[in-house]
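Visitor: Sharing a model prediction with you, sequence too.
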There are 2 protein chains.
Amino acid sequence: MLGCGNVGSAFVDLLRQRRTTIEARTSVNLQIAKVAVRSLNRERALKLSSNLFTTDPLAVVEDPDIDIIVELIGGVEPPFSLVRRALELHKPVVTGNKALLAEHGAELFAAADEVGVDLLFEAAVAGGIPLMRPLRESLAGEPVRRVMGIVNGTTNYILTQMTDAGISYETALKQAQELGYAEADPTADVSGHDAAAKAAIIASIVFGVVVKPDDVYHEGIAEISAEDIAVVNRLGFVVKAVAIVEAFASPKGSGPEITIRVHPALVAKEHPLAAVRDSFNAVFIEGEAVGDLMFYGRGAGGRPTASAVLGDVVDAATNLVHNTPGRVGTLAAATIRPIEELKSAFYICLAVTDRPGVLAQVADVFGRNGVSIQAMEQQGQGDRARLIFVTHESLESAVQTTMAELSHLAVVLDVHRAIRMIGGEG
Amino acid sequence: MLGCGNVGSAFVDLLRQRRTTIEARTSVNLQIAKVAVRSLNRERALKLSSNLFTTDPLAVVEDPDIDIIVELIGGVEPPFSLVRRALELHKPVVTGNKALLAEHGAELFAAADEVGVDLLFEAAVAGGIPLMRPLRESLAGEPVRRVMGIVNGTTNYILTQMTDAGISYETALKQAQELGYAEADPTADVSGHDAAAKAAIIASIVFGVVVKPDDVYHEGIAEISAEDIAVVNRLGFVVKAVAIVEAFASPKGSGPEITIRVHPALVAKEHPLAAVRDSFNAVFIEGEAVGDLMFYGRGAGGRPTASAVLGDVVDAATNLVHNTPGRVGTLAAATIRPIEELKSAFYICLAVTDRPGVLAQVADVFGRNGVSIQAMEQQGQGDRARLIFVTHESLESAVQTTMAELSHLAVVLDVHRAIRMIGGEG
């Protein structure tokens, strides 16, 4: 084991609890040989012999008596060097490190493939949810069209609280921090960065392409107001922060063209993703033959994540005994369609001065840009009325132009918000 | 292939479509060698050479050039004899036949285990949903407490229609039949028989025990009225037909004690199972370490089911090449706790004559039987008022006695309905 924090400790506990059952079912006997930690002096609740601990992770990787490396340090370095070294030494690696995989996945998958050992990472994308194995194995023969995931528990908790209690983003964030669902610096979660890394890993498994996290278009949730949520609620939607990876039919012979993005989205209340509440995660898959699938569960937390790590370790051990590592295969370069070229239905909210002729002026801007309107609703009257539009599927660039032009109309006080819709037409 | 109906045809199509991808990913080359059918004269849309067809399934099983048997005939015989023979010949078998597995699973698992070949059945429980592989592999180290499944698409479709449109059971059933979601004789679905067989298979995989379908307590949905659904809707619940398998902590050394049952249940609207609509299926798993998980998707239909069959065939082929079959392990006999000894919270609806003192008389019956009341509501007044009770978790036998005694009270016109609740306290 490299690293022994929250997940590592839970893993040690769970392994102790389940060792006999695992041995009975799979004939592999799992023992923790060494645990590399940052400091030997820290008090640990773990019942592990103190001579198992070391501060030298490389020595653990290179120890010839150690068969499998479990990397739970987190971050890109030192894990990248350590995992690469382990694979060089033909040692299977289990990791839950999304940053590492999102940044160096292609190189590490290729290294694992070359020497024919496992690199398993069930815990990296959606914590305890068994997702990677079904995607790789059960759906190996399935043409997947689109994957939509609620893969960040912090933002889902915040949005759920805003929806249920009608509280502001700031209040909900503070609650999440108090409960330990959000970090003191919540930027990585609320900006969509964390979900973008997970989306990149999903793209590699589902569509076999390399995507760098920086290539993932992402919008955070900080701009969403309790008022937005209340308005869309009346229209039959909830707001969710969603990671979307979708493949387009690509010209014969060329690699797959995909869209990959993270942003708040309107989800119809009848859609299964709408029922994913609090800090839960879910990944919704649209397959050509299998139809719609969803995998739901805990995306974080010591014990759920440790459960996923243990599943991988059992798998790696079994494969090691039988000499049958799984294969990710080599990844192709992805062609990413820019967000401007995507089509979505939009929810658009404007603050306007309620005068005769306002709607005609506003509708004219939509019309000239080729954005057709599916539904419109006026809320309030007088100096600050609200106009709410739901568009048909429209080109993103056309909607952006529409919004820019609307903001220049004298009668439009504020182009309050545009949120993409998924499901239905979207 | 044994059998070539709806699923079989979809399987042939899907295999043709995906053969190249599968070969690239797994290095196995899948070819359909023979297809046993009942009649050679039937017109088939399939583009398969006519000399592949035969009416002799045993000859297909025994053909030395055939490596894997895909059984899609359905029913217990002849599949049981054919699958047993295939396993004797050390041939892996893929089947989607729930009746076969529920009736003879233990014997077939043991036979597969003894010769060390795969017996795979992803399609048998929840159609296209990858469920068996995650349960067997990802959760191999996970202590599962309870599994609750919406595993019958017909009843879920009927209940969804009754909820959304306020129509009667009879009307919804007729709709389902017209749409092909229900058979002309819907008994197996609406009585809970079909779900009971699936529950038996889940018990064998999750808890490693043998359960015969006849040992599964089941209640159908025909008694549920649109009025029941409307009333519980106001209380924050939906009615779902749920299969439940749950393990109790068992005395040291003894085998697992479980409950296994299929019945309509009240599900809180916030529970993810409540969002499983129309003919979709879902299986909700409560694990000790991993927490709550749910797998959602199409439980039936040619293409979704064929997708699951294809995943299994790829798996069986890969395992055959590497000589690494999966292991179900041997099953233990199950101790099944009778329904009378289970505790559930109940929704109970009575028709009463609305006179002073009625509630006291009714409440006395609950109290004397040790059934404590969590909430009460009276609807309507006069000669036929309705009293609705939600109980705390209570022993089933005590609730049954309560209902029998209530029916003897002069003021109680009708003990209209009792429905168990899940989630929350239940």
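Guide: Looks like it came in fine.
Visitor: Which elements pack onto the helix or strand hosting A:F346?
Guide: Remark: A:F346 resides in strand A:343-352, with elements defined by DSSP states H and E. Secondary structure elements in contact with strand A:343-352, counted by 3 or more CB pairs under 8 Å, 6 or more residues apart in numbering or on different chains; DSSP states H and E, are helix A:226-234, helix A:358-368, strand A:385-391, strand A:394-395, helix A:396-407, strand A:412-422. Backbone N, C-alpha and C define where each C-beta goes, glycine included.
Visitor: ok, and what's touching the fifth one?
Guide: Defining contact as CB atoms under 8 Å, 6 or more residues apart in numbering or on different chains, one finds that helix A:396-407 is touched by A:339-344, A:346, A:348, A:350, A:362, A:365-366, A:368-371, A:391, A:412, A:414-415, A:418.
Visitor: Mind pulling up the pLDDT for the closest residue to chain B within the stretch 201-350 of chain A?
Guide: Proximity to chain B, evaluated over the stretch 201-350 of chain A using CB to the nearest CB, is greatest for A:A275 at 3.4 Å. The predicted local distance difference test score for A:A275 is 94.
Visitor: would you turn the helices and strands packed on strand A:343-352 into JSON lines with mean pLDDT and mean neighbour count?
Guide: Formatted as JSON lines, the entries for those read as follows, by pLDDT from 0 to 100; neighbours: other CB atoms under 10 Å in any protein chain shown:
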{"stretch": "helix A:226-234", "mean pLDDT": "91", "mean neighbour count": "17"}
{"stretch": "helix A:358-368", "mean pLDDT": "94", "mean neighbour count": "15"}
{"stretch": "strand A:385-391", "mean pLDDT": "92", "mean neighbour count": "20"}
{"stretch": "strand A:394-395", "mean pLDDT": "96", "mean neighbour count": "19"}
{"stretch": "helix A:396-407", "mean pLDDT": "95", "mean neighbour count": "18"}
{"stretch": "strand A:412-422", "mean pLDDT": "90", "mean neighbour count": "19"}
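Visitor: How many neighbouring residues does A:N323 have?
Guide: By the criterion of other CB atoms under 10 Å in any protein chain shown, A:N323 has 11 neighbours.
Visitor: Distance-wise, check A:S39 relative to A:T54.
Guide: Here A:S39 is placed at a distance of 11 Å from A:T54 (CB to CB, to the nearest Å).
Visitor: who has more neighbours, those two?
Guide: A count of neighbours by other CB under 10 Å puts A:T54 above the other of A:S39 and A:T54, at 15 against 7.
Visitor: so that one sits right up against A:A36, yeah?
Guide: Yes - here A:T54 lies in contact with A:A36, judged by CB atoms under 8 Å, at a distance of 5.5 Å.
Visitor: Need the residues touching each of these two.
Guide: The contact sets of A:T54 and A:A36 overlap at A:V60 (CB under 8 Å, 6+ apart).
Visitor: A:L331 and A:V206 touch, don't they?
Guide: No - with contact defined as CB under 8 Å, A:L331 does not count as touching A:V206 (11.4 Å).
Visitor: where does chain A have its least confident helix or strand?
Guide: strand A:332-333 (a mean of 82; mean pLDDT, DSSP states H and E).
Visitor: Describe which strands that strand pairs with in its sheet and in which direction.
Guide: Within its sheet, and counting by DSSP bridges, strand A:332-333 is paired with strand A:209-210 (parallel).
Visitor: Residue numbers of the stretch 251-400 of chain A in contact with chain B?
Guide: Residues of the stretch 251-400 of chain A that fall close to chain B, judged by CB under 8 Å from any CB of the partner chain: A:270, A:272, A:274-277, A:280, A:282, A:287, A:289-298, A:301, A:303-304, A:306-308, A:310-311, A:314-315, A:322-324, A:327, A:329.
Visitor: quick one, what contacts A:V412?
Guide: Each residue near A:V412 by CB under 8 Å, 6+ apart is listed here: A:350-352, A:362, A:406.
Visitor: Can you tell me how far it is from A:I224?
Guide: Following CB to CB, the distance that separates A:V412 from A:I224 is 20 Å.
Visitor: got any ranges where the stretch 201-350 of chain A has weak pLDDT?
Guide: When residues are selected by pLDDT under 70, those of the stretch 201-350 of chain A lie in A:250-255, A:326-329.
Visitor: Alongside chain B, which residues does the stretch 1-150 of chain A contribute?
Guide: Within reach of chain B by CB under 8 Å from any CB, the stretch 1-150 of chain A has these residues: A:10, A:14-15, A:17-18, A:21-22, A:24-26, A:122, A:128-130, A:133-134, A:137-143.
Visitor: In PyMOL, select just the buried ones from the residues you listed.
Guide: The following PyMOL command selects only the buried members of these, with burial defined by 16 or more other CB atoms under 10 Å in any protein chain shown:
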select buried, chain A and resi 10+14+15+18+22+25+26+122+128+129+130+133+134+137+138+139+140+141+142
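Visitor: and A:K47, how many residues sit next to it?
Guide: Residues lying near A:K47 (other CB under 10 Å) number 8.
Visitor: Show the backbone phi and psi for it.
Guide: Listed backbone geometry of A:K47 is phi -90, psi 70, with angles given as degrees, to the nearest 10.
Visitor: Please apply the same query to A:A33.
Guide: On the backbone of A:A33 - angles per degrees, to the nearest 10 - the values are phi -90, psi -40.
Visitor: Just give the closest residue to it, not the sequence neighbours.
Guide: Spatial nearest neighbour of A:A33, chain neighbours left out: A:I66 (4.9 Å); criterion: CB to CB, 6 or more residues apart in numbering or on different chains.
Visitor: which residues touch that neighbour?
Guide: Contacts of A:I66 were listed using CB under 8 Å, 6+ apart, and they are A:33-34, A:60, A:91.
Visitor: redo that, cut-off 7 Å
Guide: Contacts were defined as CB atoms under 7 Å, 6 or more residues apart in numbering or on different chains; by that measure A:I66 touches A:33-34, A:60.
Visitor: again with A:I229
Guide: Going by CB under 7 Å, 6+ apart, A:I229 touches A:162-163, A:239.
Visitor: what's around A:A59, how many residues?
Guide: 12.
Visitor: Give me the distance between it and A:S49.
Guide: In this view, A:A59 and A:S49 are 17 Å apart by CB to CB.
Visitor: of all the helices and strands packed on strand A:343-352, which lies closest to A:L266?
Guide: Set against A:L266 and scored by CB to CB, these come closest in strand A:412-422, at 4.2 Å.
Visitor: For that closest one, which strands pair with it and how are they oriented?
Guide: In the sheet containing strand A:412-422, the strands it pairs with under DSSP bridges are strand A:257-268 (parallel), strand A:343-352 (antiparallel).
Visitor: Show the subsequent helix or strand relative to the longest one.
Guide: The reference is to strand A:257-268. Using DSSP H and E, the helix or strand that follows strand A:257-268 in sequence is strand A:280-287.
Visitor: Can you list the buried residues in that next one?
Guide: Of all the residues in strand A:280-287, those buried under the rule 16+ other CB under 10 Å are A:280-285, A:287.
Visitor: Please enumerate the strands of the stretch 101-250 of chain A.
Guide: All strands of the stretch 101-250 of chain A, identified by DSSP state E, counting those that start in this stretch, fall at A:119-120, A:144-150, A:209-210, A:217-218, A:237-248.
Visitor: Residues contacting the first one, please?
Guide: It stands for strand A:119-120. So strand A:119-120 is in contact with A:87, A:93-94, A:108-109, A:112, A:312, A:315-316, going by CB under 7 Å, 6+ apart.
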